[in-house]
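> prediction below, plus the sequence it came from.
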Amino acid sequence: MKFETKQLSDGKLTTQMIDQYKSDGFLYPIKILEIEEACTLRKELELIEEKYSKIELPKPIDAYKRGPANAVIPLVANIAKDDRILDIVESIIGTNILVWAAEFFIKEKKSDNIVEMHQDLTYWGMGETSAQVTAWLALSPSNKESGCMEFVKGSHKNKILPHNNTYSSKSLLSRGQEVQVAIANDQRILAELQPGQMSIHHGLMIHGSGPNISNDRRIGVAIRYINPDVVQNTSKSYAMPVRGIDNRGNFIHYSAPKEIFSNESLKLHKEICESQQKIFSIEKRN
Ligand SMILES: O=C(O)CCC(=O)C(=O)O
């Protein structure tokens, strides 16, 4: 199904679009950047990949592209702080905004990598909140061929559903988390995006994506936004404030890195990953 590009009102979602998000649990395509700007960001990423495949870091470069990449890579932090994205996010979760994590989801050309159908909030220790939204920005064409995201309309109205861990080597998720619900093909809405376009989805939305059979990489940046009312119910975690104020004190604040992979940011990245891992393992046992 093809959706028309959303016509924003002064860079913001209209009331009708907000209602559609509330009813469907996702919204796309939202044009954020011109194609040229998206291609420039992609080039910057690819220069980083090339340079740091030859320079030793505590972990392989791929590990830093996932999880809280915004803590170590200024490029990712700058995307997460972009006012054009925050203006959209503000309509959904309010004026006070934190980034819980921002990461790349990359499928190499002709790769069988997939993302099993899942709900994000299953393992994040935030309960079933609507004060969390993910923005997914395409830096290359994301379509049926390249394995774009697929959404199940209205599925965010469920509670957190039981999930299995497939531990499949094809999965881009840490444990191959998969919701234990059969999803027919005609229930899957393919969120096709051009470079520079974005989708947003609710944390309880059932979503995933198929393999990339195209001749290009499929590159997306997924940014997990929360408002300060969110409570990490398992252990206190970290977040990067990007708009408004946080007088709730539920998260340890950190700033965007000034330099790529500085010693200070690598130490912080390790701490954030350890804290998030603790949350994932507690949630898994429950
Ligand atoms: O990039 C994908 O295919 C899936 C991303 C995803 O699951 C997410 O952003 O929550």
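Looks like it came in fine.

> from now on I want contacts and neighbour counts done on CA atoms only, so please keep to that.
Noted.

> what about the closest residue to residue 91 other than its chain neighbours, neighbour count?
Nearest in space to residue 91, with sequence neighbours left out and distances taken as CA to CA, 6 or more residues apart in numbering, is residue 13 at 6.6 Å. Around residue 13 there are 21 other residues, counting by other CA atoms under 10 Å.

> what distance do you get for residue 13 to the ligand?
For residue 13, the distance to the ligand equals 20 Å [CA to the nearest ligand atom, to the nearest Å].

> model confidence score at that residue, please.
At residue 13, the model reports a pLDDT of 96.

> okay, now the closest residue to residue 172 other than its chain neighbours: neighbour count?
Distance criterion CA to CA, 6+ apart; nearest residue to residue 172, sequence neighbours excluded, is residue 115 at 5.6 Å. For residue 115, the neighbour count with other CA under 10 Å is 23.

> can you pull up the bridge partners for residue 115?
Beta-bridge pairing for residue 115 (DSSP bridges): residue 209.

> quick one: contacts for it?
171-173, 176, 208-210 (CA atoms under 8 Å, 6 or more residues apart in numbering).

> swap in 6 Å and give it another go.
The contact partners of residue 115, by CA atoms under 6 Å, 6 or more residues apart in numbering, come to 171-172, 208-209.

> where in the stretch 51-200 of the chain is pLDDT low?
Within the stretch 51-200 of the chain, no stretch has pLDDT under 70.

> so which residues on the stretch 1-150 of the chain come close to the ligand?
Selection of the stretch 1-150 of the chain residues close to the ligand by CA under 6 Å from any ligand atom yields 105, 115, 120, 148-149.

> what's the farthest-apart pair in these?
Greatest spatial distance among these (CA to CA): 120 and 148, at 16.6 Å.

> with neighbour numbers in mind, choose between these two.
Between residue 120 and residue 148, counted using other CA under 10 Å, residue 148 has the larger neighbour count: 27 against 20.

> with adjacent residues omitted, what lies nearest to the more buried one?
residue 142 (4.8 Å).

> do the same with residue 77
Once flanking residues are discounted, residue 77 sits nearest to residue 70: 4.3 Å by CA to CA, 6+ apart.

> same check, this time on residue 93
Distance criterion CA to CA, 6+ apart; nearest residue to residue 93, sequence neighbours excluded, is residue 131 at 5.3 Å.

> contacting residues for the one you found?
93, 226-227.

> residue 4 - how many residues pack around it?
Residues near residue 4, counting by other CA under 10 Å, number 8.

> now residue 48
15.

> for the one 3 residues further on, same thing?
For residue 51, the count of nearby residues is 12 (other CA under 10 Å).

> residue 21 now?
Using other CA under 10 Å: residue 21 sits among 20 other residues.

> now it: how far from the ligand?
16 Å.

> got it, and residue 169?
For residue 169, the distance to the ligand (CA to the nearest ligand atom) stands at 15 Å.

> tell me if that residue really is in a strand.
No. Checked against DSSP: H, G, I helix; E, B strand; the rest coil, residue 169 lies outside a strand; its state is coil.

> now for it: which residues touch it?
If a contact means CA under 6 Å, 6+ apart, then residue 169 has no contacts.

> would you indicate which residues of stretch 77-84 are buried?
77, 79-81, 83 (16 or more other CA atoms under 10 Å).

> contact residues of the stretch 151-286 of the chain facing the ligand?
Residues of the stretch 151-286 of the chain that fall close to the ligand, judged by CA under 6 Å from any ligand atom: 208-209, 222.

> tell me the strands beside the biggest strand by length in the chain, with direction?
The longest strand of the chain (DSSP state E) is strand 97-107. Partners of strand 97-107 in the sheet, by DSSP bridges, are strand 218-226 (antiparallel), strand 237-243 (antiparallel).

> could you list the buried residues of the shortest one?
The neighbour-count criterion (16+ other CA under 10 Å) identifies 237-243 as the buried residues of strand 237-243.

> extract the C-alpha trace of that strand and format it as PDB.
In PDB, the C-alpha atoms belonging to strand 237-243 read as follows (Å, rounded to 0.1, in the frame of the first residue of the first chain):
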ATOM      1  CA  SER A 237      19.000   4.400  33.200                       C
ATOM      2  CA  TYR A 238      20.600   7.100  31.100                       C
ATOM      3  CA  ALA A 239      19.100   9.600  28.600                       C
ATOM      4  CA  MET A 240      20.200  12.600  26.500                       C
ATOM      5  CA  PRO A 241      18.000  15.600  26.900                       C
ATOM      6  CA  VAL A 242      17.200  17.300  23.600                       C
ATOM      7  CA  ARG A 243      14.300  19.700  24.100                       C
END
